[in-house]
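Student: coordinates only, no sequence provided:
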């Protein structure tokens, strides 16, 4: 499964990571095309703590900004 990935360490990482993923994915129409979204807490668990999102994408999607490919 090819997926775009973002990881954020902050005081509000879930919110901050989603803002970045949404800003990248929405103009490409990926959220309306039924992409699967996965998220999880990452270490450290103290503040600031981490969160990462994965969004399934096709081979035709190119990356930019803070998004990487897994």
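Tutor: Alright, I've got the coordinates. Everything quoted here is computed from the prediction, not taken from an experiment.
Student: so what's the residue count around the closest residue to residue 41 other than its chain neighbours?
Tutor: Nearest non-adjacent residue to residue 41, counting by C-beta to C-beta, 6 or more residues apart in numbering: residue 51, 5.8 Å away. Placement of C-beta: from N, CA and C, glycine included. Residue 51 has 20 neighbours, counted by other C-beta atoms under 10 Å.
Student: give the helix, strand or coil label for residue 51.
Tutor: Using DSSP: H, G, I helix; E, B strand; the rest coil, the structure places residue 51 in strand.
Student: state the distance from it to residue 60.
Tutor: Distance from residue 51 to residue 60, counting by C-beta to C-beta, to the nearest Å: 27 Å.
Student: same check on residue 54?
Tutor: Distance from residue 54 to residue 60, by C-beta to C-beta: 18 Å.
Student: ok, now residue 42?
Tutor: 29 Å.
Student: looking at these two, which one has more neighbours?
Tutor: Shown here are residue 42 and residue 60; by other C-beta under 10 Å, residue 42 has more neighbours (15 against 6).
Student: residues near the closest residue to the more buried one other than its chain neighbours, how many?
Tutor: Closest residue to residue 42 apart from its sequence neighbours, by C-beta to C-beta, 6+ apart: residue 50 at 3.7 Å. Residue 50: 17 surrounding residues under other C-beta under 10 Å.
Student: could you shift the numbering so residue one becomes 488, and keep it that way?
Tutor: With the count now opening at 488, the last piece we talked about shows up as residue 537.
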